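[1] What follows is a predicted structure for the sequence shown.
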Amino acid sequence: MKKAVIIGAGHSGCWAAYELAKEGFDVEVFEEDKNPGMHAVLICTYSLCDYLGFVPKSMNKISKAVLFSKNSRTELEFDRKRPDLMIDRMDFTKMLEKKAKSAGARFHYSSRFIGFSKNKKVIVSLKEKNKTKKIEADILIGADGTLSRVARAAGLHSNKKLIEISQAVVNLKEKVDREAMQIWFYPELTNYFFWLTPIDGRKVAIGIMAEKNSKKILNDFLKRFKIEKIIEYQHTLAPFYEKGRISSDDVFLVGDAAGQMKVTTIGGIVSGLRGAEALSKAIISNRSYNRELCGLNSELQIHAIARNALDKFNDKDYDNLLEMMNYKVKRLFYGHTRDELSKMVLKLALAQPKFLLFARRLL
């Protein structure tokens, strides 16, 4: 029986543990934190359910997006049978962990990865309660997040460009549409966007992605709303997808550690699950990890190309983009999720040929 050691008990680490354990692998997961994960409100497309094979517990379901630029506004409707899901990150990760444990994976907490060496097998060094212990394994998987120690120890891909994500969970004085998220494009403040996602009638998450100063920009943005109470702030760093070496012999990276992030919307849950599934298939079948990742890498590369263009947009470009969203374009967003951009690119160009005018932004 082959032994796999996984560093990191986030969503990609737990999913890899589950996939390998159910195929008979001896799987141990080591997590630095005593209580892994954090309570953070996330919005995921329904593609999450496609990859899980079931619908996870959600805080709310979103069936509409209202988009704003400086001088324009439009709405996109989603299939109500396939809505976006508002989930709690910690609850979601705990659910995946429980699933992995039921398949036979073993979890260890307050256990810090400090390095590894190789002989015939991988010797993993960990620190627990100020004591160092060594674990022998056939496979080492780094699922330890954006600032992966496994990546550094193995001399593999490191996330050079990072994006700040800051979010405030607040109670508003007035109710908002529970089924509609709101998105604002203000390129003078951030290359990315602001959002408001409803949790219930008055409780919402308001956030921003930016390359720097996200907390300050968010606090200024919050002044636009009539807020009754700020419940909590949430902040993290996300990787920017870049091609790089994410495996070496018996050492592999997955999820945020591998930069598996769609950089148009900085969504990493579905990408991380797809990465874990590809890695598990490669290990189980003794095939190339890169080959198993072809579909995911193609998807993420298209998002990276789109992000490169969007980074050059000004207010007028966003005004034009929203005004170009005709009925045909909106039907495409109704029938596809944001995790399926590769299926939409050609269809979007056919639905609205004027989108090709933005191709100059790629130059």
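    Arrived safely. If you're wondering where the values come from, they're calculated on a predicted model, not measured in any experiment.

[2] can you count the residues close to Arg178?
    For Arg178, the count of nearby residues is 16 (other Cβ atoms under 10 Å). Yep, even glycine has a C-beta here, placed from its N, CA and C like the rest.

[3] what's near enough to touch it?
    By Cβ atoms under 8 Å, 6 or more residues apart in numbering, the residues touching Arg178 are 60, 198, 200-201.

[4] at 6 Å instead, please
    For Arg178, the contact set (Cβ atoms under 6 Å, 6 or more residues apart in numbering) comprises Pro198.

[5] for Lys226, same thing?
    The contact partners of Lys226, by Cβ under 6 Å, 6+ apart, come to Lys173.

[6] I'd like the distance between the residue nearest to Leu48 when sequence neighbours are not counted and Ala143.
    Using Cβ to Cβ, 6 or more residues apart in numbering and skipping the chain neighbours, the partner closest in space to Leu48 is Val270 (5.4 Å). Counting by Cβ to Cβ, to the nearest Å, the gap between Val270 and Ala143 amounts to 15 Å.

[7] try Ala276
    7 Å.

[8] could you say what helices and strands the strand ranked longest in the chain packs with?
    With secondary structure taken from DSSP state E, the chain has its longest strand at strand 227-239. Applying 3 or more Cβ pairs under 6 Å, 6 or more residues apart in numbering; DSSP states H and E, one finds that strand 227-239 contacts strand 162-172.

[9] Give the partner strands of the strand it packs on in its sheet and their orientations.
    strand 203-210 (antiparallel), strand 227-239 (antiparallel) (DSSP bridges).

[10] Mind putting the ones you listed into TSV with mean neighbour count and distance to Ala137?
    TSV is the format used below for the strands paired with strand 162-172 (neighbours: other Cβ atoms under 10 Å; distance: least, Cβ to Cβ, whole Å):
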stretch	mean neighbour count	distance to Ala137
strand 203-210	23	36
strand 227-239	16	25
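
[11] Quick check: nearest residue in space to the spatially most central residue of the chain, chain neighbours excluded?
    With distances taken as Cα atoms, centre = their mean, Gly268 lies nearest the centre of the chain, 1.2 Å away. Among residues not flanking Gly268 along the chain, Met261 sits closest, at 4.4 Å (Cβ to Cβ, 6+ apart).

[12] distance of the one you found from Ile165?
    11 Å.

[13] With Ala40 instead?
    9 Å.

[14] What of Lys131?
    From Lys131 across to Ile165, the span is 35 Å (Cβ to Cβ).

[15] residue ranges of the helices in the stretch 101-250 of the chain, please?
    Under the criterion DSSP state H, counting those that start in this stretch, the stretch 101-250 of the chain contains helices at 149-154, 214-222.

[16] Same list, these, but as TSV with mean neighbour count please.
    Converted to TSV, those look like this (neighbours: other Cβ atoms under 10 Å):
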stretch	mean neighbour count
helix 149-154	20
helix 214-222	17
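
[17] Now do the shared contacts for Ala276 and Ala143.
    12, 254.

[18] burial of the nearest residue to Asp144 once chain neighbours are set aside, as a residue count?
    The shortest distance from Asp144 to any non-neighbouring residue, by Cβ to Cβ, 6+ apart, is to Gly8 (3.7 Å). By the measure other Cβ under 10 Å, the count of residues near Gly8 is 29.

[19] Thr146 now?
    Neighbour tally, Thr146, other Cβ under 10 Å: 20.

[20] the domain parsing of the chain - what is it?
    According to automatic domain parsing, the chain comprises the domains 3-39+88-159+242-304, 61-83+161-239, 313-362.

[21] end to end, how far does the first one reach?
    In terms of Cα to Cα, to the nearest Å, the two terminal residues of domain 3-39+88-159+242-304 are separated by 35 Å.

[22] Centre of the chain to that domain, how far?
    Between the centre of domain 3-39+88-159+242-304 and the centre of its chain there are 14 Å (Cα atoms, centre = their mean, to the nearest Å).

[23] cool, the last one as well?
    Domain 313-362 sits 22 Å away from the centroid of its parent chain (Cα atoms, centre = their mean).

[24] Quick check: mean pLDDT of it?
    Regarding domain 313-362, the rounded mean pLDDT is 91.
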